[in-house]
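K.L.:
Sequence and predicted model, in that order:
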Amino acid sequence: MLIYYTGKFRSSYKKLSNLIRTEAEVKEIIFRKNPFDPILKTHKLTGKFKGFWSFSIDRKHRIIFEFKGKKEVVFHITGTHQVYKK
């Protein structure tokens, strides 16, 4: 799985605590093997985020991404549910 990271994603990722970043790295490894692994709780988004997907880092944090092909995705932003308001 090839993952591209937008500037917004990189910026929002840097704002996460070290603990959450470590957990995000673990979840990314799982995501690369199977983006629909049940532990990730991957789901489609609606409304202004139609066409995007999200998966959980932990109970509060998630990563919003977009499929660009069978083996390519773009990570757009990460954070709490506040990311849906941006």
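P.N.:
Cool, got the structure.

K.L.:
and residue 63, how many neighbours does it have?
P.N.:
Burial of residue 63 is recorded as 26 neighbouring residues (other C-beta atoms under 10 Å). C-beta here means a position set from N, CA and C on the backbone, and glycine is covered the same way.

K.L.:
ok, now the one 10 residues further on?
P.N.:
Close neighbours of residue 73, defined as other C-beta under 10 Å, add up to 20.

K.L.:
May I ask you to confirm that it is in contact with residue 1?
P.N.:
Yes. At 6.8 Å, residue 73 and residue 1 qualify as touching, with contact defined as C-beta atoms under 8 Å.

K.L.:
Kindly list the longest helix within the chain.
P.N.:
helix 18-33 (DSSP state H).

K.L.:
Go ahead and name everything in contact with it.
P.N.:
For helix 18-33, contacts defined as C-beta atoms under 8 Å, 6 or more residues apart in numbering pick out 1, 3, 13, 16, 37, 39-40, 55-58, 61, 63, 78.

K.L.:
Over to stretch 54-72?
P.N.:
Residues outside stretch 54-72 that contact it (C-beta under 8 Å, 6+ apart): 1-4, 9, 16, 20, 23-24, 27, 31, 35, 40-43, 45, 49, 51-53, 73-81, 83.

K.L.:
Among these, which ones are in helices?
P.N.:
Among these, the ones falling in helices (DSSP H) are 9, 20, 23-24, 27, 31.

K.L.:
Can I get those residues in CSV including pLDDT and distance to residue 68?
P.N.:
Formatted as CSV, these follow (pLDDT from 0 to 100; distance: C-beta to C-beta, whole Å):
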residue, pLDDT, distance to residue 68
9, 97, 14
20, 97, 25
23, 97, 25
24, 97, 20
27, 98, 19
31, 97, 14
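
K.L.:
so which of these is the most crowded?
P.N.:
Highest neighbour count within those: residue 31, with 22 neighbours (other C-beta under 10 Å).

K.L.:
circling back: give me the common contacts of residue 73 and residue 1.
P.N.:
Common neighbours of residue 73 and residue 1 (C-beta under 8 Å, 6+ apart) are residue 35.
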